[in-house]
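[1] My questions concern the predicted model and sequence given below.
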Amino acid sequence: MKKVRTRFAPSPTGYMHIGNLRTALYEYLIAKHDGGDFILRIEDTDQAREVEGAIDMIYHVLEDTGLHYDEGPNKPGDCGPYVQSQRLPLYKEYADRLVELGGAHYCFCHEEDIQKMREQNSEGQIFKYQDPCHAISIEEARKRIANGETYTIRQTIPSNGITSFEDEVYGHIEVENATLDEGVLLKSDGYPTYNFANIVDDHLMGITHVVRGNEYLSSTPKYNLIYQSFGWDIPSYIHVPPVMKDEQHKLSKRNGDASYQDLIDKGFLKEAILNYIALLGWAPNGEEEIFTLNELIGAFSVDRISKSPAIFDIEKLKWMNGVYLRNMDIETFHEYALPYYQKTITAKVDLLELSKVLQPRVVMLEDICEAVDFIDQAHPFNIDLYTSKKMKTNPENSLEALKWVRTALAKTEHYDDDEALMNLFVHIAQEHVVKNGRIMWPVRVALTYKSFTPGGAVEIAHILGKEETLKRIDQAIEELEKAITA
Ligand code: GLU
């Protein structure tokens, strides 16, 4: 059996959106699942649409996500160069050869005239250009070219019959040749069009599996006619469903939808992004959804790629990000969390201890800033927070509880860990015959004045330390007294 070779063939026309990255990932997984090669080819023949920096972004994202290619622009192999603009003479040579083989012809028509006809074509009708240049013999065409006439090379499509192929996802696809437009393969400036360069390169680079968006399904028969004229093997096609923003809209780089870099900037972990993207259009065989890249290589199979569009669900990605954060060892989590602490906290607190409290709860690293913003300073006094139906607390009994806590805390020498503090609070509750919540709730409020906190009273008091905790409780007592008697 032939060695599997896949390629990611991006056009550098914008940033890498999630759909692009998914294509790259699937290509990578298909190759690596069978011990094959994954190739990067830059399709930059449409120079007018090229966006500065886009190529560097492609390199960066592939490197960052660990989708290492075996051959590519900066990874020499036997089929280089891997940038199409550096292969121009090749396309010209193959286009001329295709003319000789009857799969294409020289055309001297002006694109503007054809465009006008296309526009005049009544709506809903498929436009098929009846090219008068069909009638020109190769010899005559060559003479005209030698005389300096500008020309294009246009595909020659049989006027009847059907072209079909088997797609690994969408099954049997067939198209009537009469509906296929005789598109330009080589432009008058010598540049190939996407369609042609892509075919020549897939052949010369020995690509066995082509993965790409299903928007290419309907033109694939046209490409296959070219393969047939050359007598080349047709690769396996794996057309993948679109990634949608919602039921109606595709994610697209032109509309500025989620790019890989945006997600990284929002604080998503690259491992979570890659894992989530794998599931956009592919379903694992079983309940498990969390996969490392290596596990994906083992688990991935083309027959579980879906035909239906996949909706990009940011909430699911958040959930997955949380899973990845929780699965890290504490040292790694701490390293990730540190920059967020540095942005928010100046007080000297035990940050590793803080990481231990946060790790089980944080979904996004960005959330850390808001979660820890009470450490330098509690939020402003808010009497309403003392009322909790569930804990049976109100401002009056909270004041009472804070006073008990104040006295016990000041006396205690056991302030070293969560367990000691827990015992202290439980002891106070027992002494006054109230539920633990009657004590913990007011303490948590007094120390933070936040409705949501990353930990409970015990953890927060521990992180703030005895001195700061006492200070905040004193202040809370004072403010509560003032508010109640007012
Ligand atoms: N350059 C094309 C694109 O970026 C590649 C399509 C293909 O993979 O065949 O859409």
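    Now that the structure is in, tell me what you want to look at.
[2] now the helices: where do they sit in the stretch 201-350 of the chain?
    220-230, 260-265, 270-278, 293-299, 314-327, 330-344 (DSSP state H, counting those that start in this stretch).
[3] what about the second one, distance to the chain center?
    Remark: helix 260-265 is offset 8 Å from the chain centroid, using Cα atoms, centre = their mean, to the nearest Å.
[4] contacts for that helix?
    With contacts defined as Cβ atoms under 8 Å, 6 or more residues apart in numbering, helix 260-265 is touched by Y15, M16, H17, I18, L21, M57, V61, D64, T65, K270, I273, L317. From N, CA and C alone the C-beta is placed, and that goes for glycine too.
[5] Ranking by neighbours, what's the top pick from these?
    L21 (26 neighbours; other Cβ atoms under 10 Å).
[6] low-confidence ranges in the stretch 201-350 of the chain?
    253-257 (pLDDT under 70).
[7] Tell me which residue in it sits closest to the ligand.
    R212 (3.6 Å; Cβ to the nearest ligand atom).
[8] related to what we said a few turns ago, same for the ligand: which of the contacts of helix 260-265 are within range?
    The subset of those within reach of the ligand, by Cβ under 6 Å from any ligand atom, is empty.
[9] List the ones among those that fall in strands.
    Judged by DSSP state E, strands contain none of the contacts of helix 260-265.
[10] what's the most distant pair in those residues?
    Distance extremes for the contacts of helix 260-265: the farthest pair is M57 and L317 at 20.2 Å, using Cβ to Cβ.
[11] Let me see the residues that make contact with stretch 463-483.
    Contacts of stretch 463-483 (Cβ under 8 Å, 6+ apart): 347, 349-350, 353-354, 357, 375, 378, 381, 383, 386, 395, 398-399, 402-403, 405-406, 409-410, 415, 442-443, 445-447, 455, 461.
[12] What's the PyMOL line that selects buried ones from those residues?
    Command for PyMOL that selects the buried part of the contacts of stretch 463-483, burial taken from 16 or more other Cβ atoms under 10 Å:
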select buried, resi 349+354+357+375+378+381+383+386+395+398+399+402+405+406+409+415+442+443+445+446+447+455+461
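[13] quick one on the thing from earlier: pick the most buried one from the helices of the stretch 201-350 of the chain.
    Counting by mean count of other Cβ atoms under 10 Å, helix 270-278 has the highest mean neighbour count of the helices of the stretch 201-350 of the chain, with a mean of 22.
[14] Flag every residue of the stretch 151-300 of the chain that's near the ligand.
    So the stretch 151-300 of the chain meets the ligand at Y194, N198, V210, R212 (Cβ under 6 Å from any ligand atom).
[15] Separate out the buried members of the residues you listed.
    Buried, going by 16+ other Cβ under 10 Å: Y194, N198, V210, R212, out of those.
[16] Restricting to C-alpha, output stretch 9-20 in CSV.
    The C-alpha trace of stretch 9-20 is given here as CSV (Å, rounded to 0.1, in the frame of the first residue of the first chain):
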residue,chain,number,x,y,z
ALA,A,9,-2.7,23.9,1.6
PRO,A,10,-3.8,27.3,3.0
SER,A,11,-4.0,30.4,1.0
PRO,A,12,-2.5,33.2,3.0
THR,A,13,-5.5,35.5,2.7
GLY,A,14,-6.2,36.2,6.4
TYR,A,15,-5.8,34.8,9.8
MET,A,16,-6.2,31.1,10.7
HIS,A,17,-9.8,30.6,11.7
ILE,A,18,-11.1,27.6,13.4
GLY,A,19,-12.2,25.9,10.2
ASN,A,20,-8.7,26.2,8.7
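[17] what about it, average pLDDT?
    Averaged over stretch 9-20, pLDDT sits at 90.
[18] okay, the residue lying closest to G161 once chain neighbours are set aside: pLDDT?
    What sits nearest to G161 in space, not counting adjacent residues and going by Cβ to Cβ, 6 or more residues apart in numbering, is N177, at 5.0 Å. At N177, the pLDDT value in this model is 93.
[19] what's the answer for D181, then?
    Looking at D181, its pLDDT reads 87.
[20] Now for the buried ones among the residues of the stretch 151-300 of the chain next to the ligand: which two are most distant?
    Farthest pair in those, by Cβ to Cβ: Y194 and V210, 13.4 Å.
[21] what's stretch 353-367 in contact with?
    266-269, 318-319, 321-322, 325-326, 328, 330, 333-334, 336-337, 340-341, 368, 371-372, 375, 454-455, 459, 462-463.
[22] buried sites along that stretch?
    In stretch 353-367, residues buried by neighbour count (16+ other Cβ under 10 Å) are L354, S355, K356, V357, L358, Q359, R361, V362, V363, M364, L365, D367.
[23] Between all of those, which two are separated the most?
    Going by Cβ to Cβ, the pair spanning the buried residues of stretch 353-367 furthest: K356 and M364, at 18.2 Å.
[24] separation between the nearest residue to P442 once chain neighbours are set aside and M440?
    Distances taken as Cβ to Cβ, 6+ apart place S398 nearest to P442, at 3.6 Å, with adjacent residues excluded. S398 sits at a distance of 11 Å from M440 (criterion: Cβ to Cβ, to the nearest Å).
[25] ok so, going back, is the residue nearest to P442 located within a helix, as I assumed?
    Yes - looking at S398 with DSSP: H, G, I helix; E, B strand; the rest coil, it is inside a helix.
[26] tell me the contacts of it?
    S398 neighbours (Cβ under 8 Å, 6+ apart): Y386, W441, P442, V445, A446, L480.
[27] Please tell me the pLDDT value assigned to it.
    At S398, pLDDT is 98.
[28] Distance of it relative to D246?
    For S398, the distance to D246 - Cβ to Cβ - is 46 Å.
[29] count of neighbours near the nearest residue to E176 once chain neighbours are set aside?
    The shortest distance from E176 to any non-neighbouring residue, by Cβ to Cβ, 6+ apart, is to I162 (5.6 Å). As a burial measure, I162 scores 12 neighbours (other Cβ under 10 Å).
[30] Backbone dihedrals for I162, please?
    phi -130, psi 140 (degrees, to the nearest 10).
[31] I'd guessed it sits against A178; true?
    No - using Cβ atoms under 8 Å, I162 makes no contact with A178, being 9.3 Å away.
[32] for the contacts of S398, which one is nearest the ligand?
    Among the contacts of S398, and counting by Cβ to the nearest ligand atom, the member closest to the ligand is V445, at 54.9 Å.
[33] and the closest one, what does it touch?
    L385, Y386, S398, A476.
[34] can you redo these as TSV with secondary structure and distance to S306?
    Shown next, in TSV, are the contacts of V445 (DSSP: H, G, I helix; E, B strand; the rest coil; distance: Cβ to Cβ, whole Å):
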residue	secondary structure	distance to S306
L385	helix	48
Y386	helix	52
S398	helix	54
A476	helix	56
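[35] Now P380: phi and psi?
    Given degrees, to the nearest 10, the pair of backbone angles that P380 has is phi -60, psi 150.
[36] distance of it from the ligand?
    Look at P380 and the ligand: by Cβ to the nearest ligand atom, to the nearest Å, they are 53 Å apart.
[37] Give me the number of neighbouring residues for the closest residue to that residue other than its chain neighbours.
    Take P380 and drop its neighbours on the chain: the residue closest to it by Cβ to Cβ, 6+ apart is Y449, 6.4 Å away. As a burial measure, Y449 scores 21 neighbours (other Cβ under 10 Å).
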